[in-house]
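> model the following, please.
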Amino acid sequence: MVQTLQVQVEELKSVNESLNLSVEELSKARALAEATLRERDEMIEKILTFETKNMELVNELGDKMKCFDVEKKVFKTKFSKLEKVLAQRVKDFDDVKT
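Here you go, the predicted model:
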């Protein structure tokens, strides 16, 4: 009977050691998972920050393009007027020559 108890105690010690090792492994796995999740959250935050900055740049570029389009239209109008003035001056010059 004592021997049976000793065998049971040894088995329990073995099971306890095995459980302790499992707990250690699970603790390490949990720590690794937590670190991975922190890294993931940091990456998500960086991506969101990048997307926000990107949208700001896109909006800024859109505003600049609108200004450019307005300036381009003004330039085309002025250029067209200058072409007409030049054409008239050339015509006047030709008329004076003849």
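> quick one: the helices in this protein?
With DSSP state H as the definition, the chain shows helices at residue ranges 2-97.
> any weak-confidence spans in this structure?
Of all residues in the chain, those with pLDDT under 70 make up the ranges 98.
> go with 50
Nowhere does the chain drop to pLDDT under 50.
> what about residue 37, how many neighbours?
The burial metric for residue 37, expressed as a neighbour count using other C-beta atoms under 10 Å, is 10. C-betas here are computed from N, CA, C, even on glycine.
> and for residue 23?
Residues contacting residue 23 under the criterion other C-beta under 10 Å number 10.
> just residue 5 next, same as before
Applying the criterion other C-beta under 10 Å, we find 9 residues in the vicinity of residue 5.
> distance of it relative to residue 12?
Using C-beta to C-beta, to the nearest Å, one gets 10 Å for the distance from residue 5 to residue 12.
> now do residue 42
Here the criterion is C-beta to C-beta. By it, residue 42 lies 44 Å from residue 12.
> also residue 87?
Separation of residue 87 from residue 12 (C-beta to C-beta): 108 Å.
> same thing with residue 23?
With the distance defined as C-beta to C-beta, residue 23 ends up 16 Å from residue 12.
> ok, residue 50 next?
Counting by C-beta to C-beta, the gap between residue 50 and residue 12 amounts to 56 Å.
> and if you look at residue 45?
Look at residue 45 and residue 12: by C-beta to C-beta, they are 48 Å apart.
> repeat for residue 54
61 Å.
> same question for residue 59.
69 Å.
> and for residue 31?
Residue 31 sits 28 Å away from residue 12, taking C-beta to C-beta as the criterion.
> same thing with residue 79?
When distances are taken as C-beta to C-beta, residue 79 and residue 12 turn out to be 96 Å apart.
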